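Q: Sequence and predicted model, in that order:
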Amino acid sequence: MTLRPVVLIALLTLAGCGQNVSVWSPRTWFGAGEMPEDTQVAPDESQDPRPLVRSVTSASIEQANGGVIVRATGLPPTQGWWQVDLMPLPIENGELVLEFRTFAPLDAAAQGTPRSREVTAAYTISRFTLEREGINRVVIKGETNSKVLRP
């Protein structure tokens, strides 16, 4: 008779392990089953070691499914610049500023022709973000100039 309660407890424990949200599952004991919160940290200029691209040569906004795509082309001083990104700053008064950042070459690099030095980056903005933040102006910022676009 003492074997029945042990078997019943073992079966209940085993059955609880098969469900993702069961209180019987050992994976959820002591808060281990809680889902982490999604948090976003606003990029800070001091946290990104990449310099701004020397000049922004062209920029465009293209309509996409569910938002827009911002494309920018920049011209660094030499060939070999890498990891190119448009990094957003906090939105203020409906203006989104995207800093055009890239790493310098690791070794000495040839200057080359302007066409051979061009770098291009893109940034997507969802329709939800455009409407929620009231974005009516996008600025792509380089070291010596910037381009202003309207979505």
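A: Looks like it arrived, so ask away. Residues are numbered from 1 along each chain as shown.
Q: Let's see stretch 48-57 as PDB, backbone CA atoms only.
A: Only the C-alpha atoms of stretch 48-57 are listed here, as PDB (Å, rounded to 0.1, in the frame of the first residue of the first chain):
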ATOM      1  CA  ASP A  48      30.300  53.400 -30.000                       C
ATOM      2  CA  PRO A  49      34.000  53.600 -30.700                       C
ATOM      3  CA  ARG A  50      33.500  53.900 -34.500                       C
ATOM      4  CA  PRO A  51      34.100  57.300 -36.000                       C
ATOM      5  CA  LEU A  52      31.500  59.000 -38.300                       C
ATOM      6  CA  VAL A  53      32.100  58.500 -42.000                       C
ATOM      7  CA  ARG A  54      33.800  61.500 -43.500                       C
ATOM      8  CA  SER A  55      31.000  62.600 -45.800                       C
ATOM      9  CA  VAL A  56      27.500  61.400 -46.700                       C
ATOM     10  CA  THR A  57      27.300  61.400 -50.500                       C
END
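Q: How far does the strand or helix carrying Glu131 sit from its chain's centre?
A: Using DSSP states H and E, Glu131 sits within helix 127-133. Remark: helix 127-133 is offset 16 Å from the chain centroid, using Cα atoms, centre = their mean, to the nearest Å.
Q: so how far is Phe100 from Val68?
A: Look at Val68 and Phe100: by Cβ to Cβ, to the nearest Å, they are 17 Å apart. From N, CA and C alone the C-beta is placed, and that goes for glycine too.
Q: related to what we said a few turns ago, list the buried residues in whatever helix or strand comes next after the helix holding Glu131.
A: The helix or strand immediately downstream of helix 127-133 is strand 137-141, counting by DSSP H and E. Buried residues in strand 137-141, counted by 16 or more other Cβ atoms under 10 Å: 138-141.
Q: re the thing from before, more neighbours, Val68 and Phe100?
A: Phe100 (30 against 20; other Cβ atoms under 10 Å).
Q: Look up phi and psi at that one.
A: For Phe100, the backbone dihedrals are phi -90, psi 100 (criterion: degrees, to the nearest 10).
Q: Leaving out chain neighbours, which residue sits closest to it?
A: Distance criterion Cβ to Cβ, 6 or more residues apart in numbering; nearest residue to Phe100, sequence neighbours excluded, is Val53 at 4.5 Å.
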